[in-house]
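Q: Need the 3D shape of this:
(2 chains)
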Amino acid sequence: MPIHNADIARIFEEIADLLEIQGANPFRIRAYRNAARTVGEFGRDVGALLAAGEDLTRLPGIGDDLAGKIREIVETGKCALLDRLRKELPSAITELLHIPGLGPKRVRALWHDLGVQTIEQLYRAARDGRIRSLAGFGEKTELKILQSVEAHLGTTRRFKLATAAQYADSLVAYLRGVSGVRQVEVAGSFRRMRETVGDLDILVAAQAKSPVMERFASYDEVKEVLAGGPTRASVILRSGLQVDLRVVDEASYGSALVYFTGSKAHNIAIRRIAQERGLKINEYGVFRGERRVAGETEASVYRAVGLPLIPPELREDRGEIDAAQAGRLPKLVELSDLRGDLHAHTKATDGHATIREMAHAAQSLGLEYLAITEHSRRLTVAHGLDPQRLLKQCDEIDRLNGALKGITILKGIEVDILDDGTLDLPDSVLAELDIVVGAVHSKFDLPRAKQTERILRAMDNRYFTILAHPTGRMIESREPYDADMLRIIRHARQRGCFLELNAHPERLDLLDTWCLTAREEGVLIAINSDAHGTQDFQNLRFGVGQARRGWLEAKNVLNARPLKELRKLLPKHRP
DNA sequence: GCCGTTTTCGGCCCGACTGTTTTCAGTCG
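A: Got it, this is the predicted structure:
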């Protein structure tokens, strides 16, 4: 059985959890968590790296010991340390750490004194009133555990970025209207544009007497107030989304913004640099002894540690600090860099608007071109186009292009990639188009070799232009299909075709880590809306966010090119 | 367990809030 990076990461996480409950050295625990993150996010298969004889200790946070454990896991599928820990502690116990309010110390006490190993046993112990008598626990803690377990068994979902944005936008507008409030920003993983967020972290700069805390607690979407101090409060909205609010004065706004934007790993790395320079960073500023030397803006905080401002989307401790120190930070792509959109649908298949309406909507966002790419005939549920209907649409586009000003409509198709890697429409028809977007919409469960081969064969078609939603995953609802993405990216490079970063909120596919690989391999990415209606172009914002997380610059983005340059890259102009 | 122009030992980010304490541990971000 092949061992994937995610498997190794899971093993290290479990080891960290078990060590933590045992009360092991916290820095040893951190080492396992860091290693889990490093391996889990690493773009290439570490098993393949080992097979190629590469030295894993070159990876950050991987020393001789952990490199040895990775080798052990890759070669045997097991880890002796984990097996030993599982004998000492019940493995299921790690699940208890995910209950809010329970950390390693309390989990250990619950297990040691009450024999609690599972969430069900925890629930019964709390319900029967057995927890309040433990040392360090009380009635309130017991009640809180009971509520946390009920909430945990109900919904523990994260919110998709676009969904969270709806709640964030209106709450931010509300807080901006409170007297004494100077600045409001959503920080946390939302600001870093992670594809899902667990909660919203909102930062406010306000005058001392501002009633912002009271107004926050009385916001009409608030269902429950979890905690509230003078500078910090947490609530649950009716939607189930947790919102944490932090209030600071204006002089601390920049350092607080750095602090609450995270990521945690990035902040730790920044603090370490500060420490080396005899400085201390906290949410109130950068300090040399008692004296504050920076803090009013984010730029001032980074400057104090000798770095340029690092964009939030890069703050994941994935090399951005080294890049900043070396003056090699990418100039990340921005929404305003996009010149067109290369994937959209209309009423002709499963969209909701006409070609003309879609073109106007795209143009109002400043786009210069729009490719209409309907589904092909195999996708009958979407009323996919057969050759006859497609050619008829091409005529309509020709007529519209004669009438429209300021935007050009490109003729395209989102053609199904069939099981054997052939395309769902004949070459003679594809030859009439500007753009052929190919997509896998069936047989997601083919074995890795077959799935990979299927996609590579599709790319071999001389009209193939862009691989749509390349991994097929749907956020938190469908796993990516099993395919060798590195081979696919390299094949795209060889064939002169491109990969899509589909900006649909359910997809955000290509993932950030693969964007990074595509960039390194010299493959351009098309950030496309996959719009089915005129409002859907708004989603490009989230696609750009994901692209920025993947370190993409405008020059790495296909549809950041003006139409004239784009045309030169399309199949009709290939040798 | 990792790491090093203060290197092979001795460090490893920092503060708010809660509950159970009576000066602080545990948890969280």
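
Q: for residue A:372, which residues make a bridge with it?
A: Judged by DSSP bridges, the bridge partners of residue A:372 are residue A:411.

Q: any idea how far DNA strand B is from it?
A: 43 Å (C-beta to the nearest atom of the strand, to the nearest Å). Placement of C-beta: from N, CA and C, glycine included.

Q: Might you report the residue contacts of residue A:318?
A: Contacts for residue A:318 (C-beta atoms under 8 Å, 6 or more residues apart in numbering) come out as residue A:41.

Q: Let's see the pLDDT reported for the closest residue to DNA strand B within the stretch 201-350 of chain A.
A: At 2.4 Å from DNA strand B, residue A:229 is the closest residue in the stretch 201-350 of chain A, using C-beta to the nearest atom of the strand. In this model, residue A:229 is scored at 84, pLDDT.

Q: secondary structure class for the residue of the stretch 351-500 of chain A found nearest DNA strand B?
A: Using C-beta to the nearest atom of the strand, the closest approach of the stretch 351-500 of chain A to DNA strand B is made by residue A:476 at 18.5 Å. Put simply, residue A:476 is coil when judged by DSSP: H, G, I helix; E, B strand; the rest coil.

Q: Can you show me the helices along the stretch 401-550 of chain A?
A: Using DSSP state H, counting those that start in this stretch, the helices found in the stretch 401-550 of chain A span residues A:427-430, A:448-460, A:485-495, A:512-521, A:540-549.

Q: right, and the helix or strand after the helix or strand bottoming out on mean pLDDT in chain A?
A: Here the helix or strand of chain A ranked lowest by mean pLDDT, DSSP states H and E is helix A:139-154, holding a mean of 80. In the C-terminal direction, the helix or strand that comes right after helix A:139-154 (DSSP states H and E) is strand A:159-160.

Q: in its sheet, what does that next one sit against?
A: strand A:196-197 (antiparallel).

Q: Count the residues that sit near the residue of the stretch 351-500 of chain A closest to DNA strand B.
A: 13 (other C-beta atoms under 10 Å).

Q: dump the residue contacts of residue A:359.
A: A:370, A:400, A:404, A:407, A:409.

Q: Please, which helix or strand holds it?
A: If you go by DSSP H and E, residue A:359 is part of helix A:355-364.

Q: Give the closest residue to residue A:273 in space, chain neighbours not counted.
A: residue A:305 (4.8 Å; C-beta to C-beta, 6 or more residues apart in numbering).

Q: Contact partners for the residue in the stretch 51-200 of chain A that DNA strand B sits nearest to?
A: When scored by C-beta to the nearest atom of the strand, the stretch 51-200 of chain A has residue A:138 as its residue closest to DNA strand B, at 1.8 Å. Counting by C-beta under 8 Å, 6+ apart, residue A:138 touches residue A:132.

Q: Now do it, the pLDDT please.
A: For residue A:138, the pLDDT comes out at 85.

Q: Could you do residue A:269 as well?
A: 90.

Q: on that earlier part again, return the member of the contacts of residue A:359 nearest to residue A:486.
A: Within the contacts of residue A:359, the smallest distance to residue A:486 is 31.5 Å, found for residue A:370 (C-beta to C-beta).

Q: surely residue A:423 meets residue A:461?
A: Yes. Between residue A:423 and residue A:461 there is a contact under C-beta atoms under 8 Å: 5.6 Å.

Q: Quickly list what's touching both of those two.
A: With C-beta under 8 Å, 6+ apart as the test, residue A:423 and residue A:461 both reach A:430, A:436, A:438.

Q: Can you say which of those are buried?
A: Neighbour-count burial (16 or more other C-beta atoms under 10 Å) applied to the shared contacts of residue A:423 and residue A:461 gives A:430, A:436, A:438.

Q: ok, what's across the strand from the last one?
A: It stands for residue A:438. The partner residues for residue A:438, given DSSP bridges, come to residue A:415, residue A:467.

Q: my read: it touches residue A:470, true?
A: No. Counting by C-beta under 8 Å, residue A:438 does not reach residue A:470; the two are 9.9 Å apart.

Q: Distance of residue A:205 relative to residue A:184?
A: Distance from residue A:205 to residue A:184, counting by C-beta to C-beta, to the nearest Å: 8 Å.
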